[in-house]
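Enquirer: using only what follows, build the 3D model:
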Amino acid sequence: MNSISVLNIDLFQGGKNTSEFYFSTLKNHLIVGHRHLEKPHRHDFYATILFTQGKGFHEIDFQKYDVSPGSLFFMSPGQIHSWELSADIDGYIFFCSQDFYEMHYVKQKLRSFPFFGSVHFPRKLQLDDDYLKGYIYIIHKLENEYHSQNLMKNGLILSLLSQVFIHSTRLFSKDFDHLSSSAGLSYFKHYQDFEDLVEEHFTKEKSVAFYASLMDISPKHLNRIMQTVVQKTATDLITERVILEAKRMLIYLDESLGEIAFRLGYEEYSYFVRVFRKSSGMTPTQFIKMYKS
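Expert: Model prediction:
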């Protein structure tokens, strides 16, 4: 069985003595890491990418985004991505492990930033020229510190990372005003808890009542939370997670459609096909043909 490659920070460090944080210009990153980046892959770290020049497409978990100067992307561990970029592409890319950040910020978790906290949250911010200049200023300081041997180097790197993440959360929040209140933040925490449980059980459990019971709330209240945060039902989110995994497996694993359906908890292949078609608008076979063409 083929598998989707999982890249770790060590692959890009080139002999540096830390495997917790990595920084590079995009141009250099694509040269040094080319052998690892040719095919769709996933990471075991949190990644941030800012494009300052060039154009193309960046696909993250089968969602294709346009790339242009000012495109800022965030990726969480486990997400599959690939890109098609012009020859003049440039910008900045940096990775950090969960331990690197959370060992220092005990009360601030990476998943508390909405773009790292949910697979259903947008992966891209498009910065205008003024915001782009401000980000580049912070990132230049991050680059200088990464290459330095200064006292308390990691502390400043973490501070600059937090600035990028906090500014980005504020920009995202303009489109998600319902998350800015205390009630909204409480709902978002419940939403993240629900996603964690779905991630753990989605291949076996598809029932809203099952997850509501684990969270000690009613199915009705669970649906109310999901509708408030992402305007979807709990069932929608469970199904979307199953179908995302199905798409990953259909494209990247050498298994039969029946085997994939069974691994995702469907004893009847025909029922799996109906669920897939209702969610994606096509059958698994049509999806494979469309994607590989």
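
Enquirer: need the contact list for residue 108.
Expert: 101-102, 162 (Cβ atoms under 8 Å, 6 or more residues apart in numbering). Where you see a C-beta, it was placed from the backbone N, CA and C, and this is true even at glycine.

Enquirer: tabulate these (CSV), appending neighbour count.
Expert: Formatted as CSV, these follow (neighbours: other Cβ atoms under 10 Å):
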residue, neighbour count
101, 21
102, 15
162, 15
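
Enquirer: among these, find the lowest-pLDDT one for me.
Expert: Least confident entry in the contacts of residue 108, by pLDDT: residue 102, with 87.

Enquirer: just give the nearest non-adjacent residue to residue 157, would you?
Expert: Among residues not flanking residue 157 along the chain, residue 145 sits closest, at 5.3 Å (Cβ to Cβ, 6 or more residues apart in numbering).

Enquirer: the chain: helices as residue ranges?
Expert: 10-13, 26-32, 34-37, 98-102, 114-117, 129-146, 153-173, 182-201, 208-215, 219-230, 234-252, 257-263, 269-280, 284-292 (DSSP state H).

Enquirer: may I see the buried residues of the longest one?
Expert: Pointing back at helix 153-173 there. 156-161, 163-165, 167-169, 172 (16 or more other Cβ atoms under 10 Å).

Enquirer: contacting residues around the closest residue in space to residue 99 that isn't next to it in sequence?
Expert: Using Cβ to Cβ, 6+ apart and skipping the chain neighbours, the partner closest in space to residue 99 is residue 20 (6.6 Å). With contacts defined as Cβ under 8 Å, 6+ apart, residue 20 is in contact with 9, 96-97, 99-100.

Enquirer: what stretches of the stretch 51-200 of the chain score poorly on pLDDT?
Expert: 106-107, 175-184 (pLDDT under 70).

Enquirer: now with 80?
Expert: Counting by pLDDT under 80, the stretch 51-200 of the chain shows low-confidence ranges at 105-108, 117-121, 173-185.

Enquirer: thinking again about what came up before, need the max-distance pair from the buried residues of helix 153-173.
Expert: 156 and 172 (24.7 Å; Cβ to Cβ).

Enquirer: re earlier: figure out which of the helices of the chain is closest to residue 68.
Expert: Of the helices of the chain, nearest to residue 68 by Cβ to Cβ is helix 129-146, at 10.8 Å.

Enquirer: got the contact list for the closest one?
Expert: Against helix 129-146 from outside (Cβ under 8 Å, 6+ apart): 21, 23, 25, 50, 52, 69-70, 72, 92, 94, 127, 153, 156-157, 160-161, 163-164, 167, 171.
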